[in-house]
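Participant: Got a sequence here, can you build the structure:
(one chain, ligands or ions: 1)
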Amino acid sequence: MTPASLRARLVPSILSADLSRLGEQLAAVRDAGVDWVSVDVMDGHFVPNLSFGPDFVRLCKERGFFVDAHLMVSNPDEVCGAFAKAGADIVTAHLEACPDARATLERIRRAGAKPGLAIKPATPAEGLLPWLDGIELALVMTVEPGFGGQRFMPGMLPKIETLRRERDRRGLGFWIQADGGLNEETISLAARAGADSIVAGSAVFSAADPAAAARRLLARIS
Ligand code: DX5
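Facilitator: Numbers count the residues shown, from 1 in each chain. Sure thing, here's the model as predicted:
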């Protein structure tokens, strides 16, 4: 089993940040001990929202963060290269948008990033099992992808547990990321289930003091 003492990482999602003050808000969470941020990429087709291009990955990298680009897009094969080129450390595609997941993972690697696979709430964790030996990160959506500020779906916790058991059984080392509705009430549920990378958008950046909010969340998972 992964040692329970291993601290989960808090990964603020910039989707909820005040973009007019993004540099300042990134500096604030950095001071709170955050070193990994998530850039939610939305194409208005896979999800009914439009968001960031590769420049936002570059901006976060220039400020020294580890960055994952979460591609909520229908054509991950076409766009993954631009996000890898912008410096994304991990590029995560949705399994539901990958007709050939093995080829997509390989494409991300060839572009210079580590690959991740994400699943929407309706997709069972078992859908990821064939690919676990080829990914750096498995993302379990704990809300319907597309928007920040939604309510956490506790019914997703067994999927995190399934992936954790399978990772330990096979001796693999991928991150298990939970994303959506994580806040002071729900974050420890996800960590106890086995998530070791926890994305929080509105709980951090919609707070009056994002640094203090990040510290409170970190205190619940360390
Ligand atoms: C939703 C995004 C999430 C979202 C999280 O589609 O993938 O990363 O920004 O926002 P909160 O933490 O507010 O649910």
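
Participant: So which bits of this protein are right by the ligand?
Facilitator: 13, 15-16, 38, 40, 70, 72, 143, 145-150, 179-182, 199-203 (CB under 6 Å from any ligand atom). Quick note: C-beta positions are derived from backbone N, CA and C, even for glycine.

Participant: switch the cut-off to 8 Å
Facilitator: 13, 15-16, 38, 40, 42, 47, 49, 70, 72, 141, 143-150, 152, 179-183, 199-204, 206 (CB under 8 Å from any ligand atom).

Participant: Go through those and flag which are in strands.
Facilitator: Judged by DSSP state E, strands contain the following of the residues of the chain next to the ligand: 38, 40, 42, 70, 72, 141, 179, 199-200.

Participant: Figure out the helix or strand that the nearest residue to Leu218 once chain neighbours are set aside lives in.
Facilitator: Excluding the flanking residues, the one nearest Leu218 by CB to CB, 6 or more residues apart in numbering is Leu10, at 5.3 Å. Using DSSP states H and E, the element containing Leu10 is strand 9-12.

Participant: helices or strands up against that strand?
Facilitator: strand 36-42, strand 197-200, helix 202-205, helix 210-221 (3 or more CB pairs under 8 Å, 6 or more residues apart in numbering; DSSP states H and E).

Participant: got these as JSON lines, with mean pLDDT columns?
Facilitator: Shown next, in JSON lines, are the helices and strands packed on strand 9-12 (pLDDT from 0 to 100):
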{"stretch": "strand 36-42", "mean pLDDT": "98"}
{"stretch": "strand 197-200", "mean pLDDT": "98"}
{"stretch": "helix 202-205", "mean pLDDT": "98"}
{"stretch": "helix 210-221", "mean pLDDT": "97"}
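
Participant: and Arg215, what does it touch?
Facilitator: 32-33 (CB atoms under 8 Å, 6 or more residues apart in numbering).

Participant: need the helices and strands packed on strand 9-12 in a markdown table with distance to Arg169, can you?
Facilitator: Listed next are the helices and strands packed on strand 9-12 as a markdown table, based on distance: least, CB to CB, whole Å:
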| stretch | distance to Arg169 |
| --- | --- |
| strand 36-42 | 26 |
| strand 197-200 | 20 |
| helix 202-205 | 32 |
| helix 210-221 | 24 |
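
Participant: what about the closest residue in space to Asp133 that isn't next to it in sequence, how many residues close to it?
Facilitator: Leaving aside its chain neighbours, Asp133 sits nearest to Leu172 (6.3 Å; criterion: CB to CB, 6+ apart). Using other CB atoms under 10 Å, Leu172 has 14 other residues around it.

Participant: how far does stretch 133-143 sit from the chain's center?
Facilitator: Relative to the centre of its chain, stretch 133-143 is centred 8 Å away, using CA atoms, centre = their mean, to the nearest Å.

Participant: hmm, who's touching it?
Facilitator: 68, 70, 90, 92, 102, 105, 114-121, 125, 128, 132, 150-153, 156, 159-160, 163, 170, 172, 174-182, 186, 190, 195, 197.
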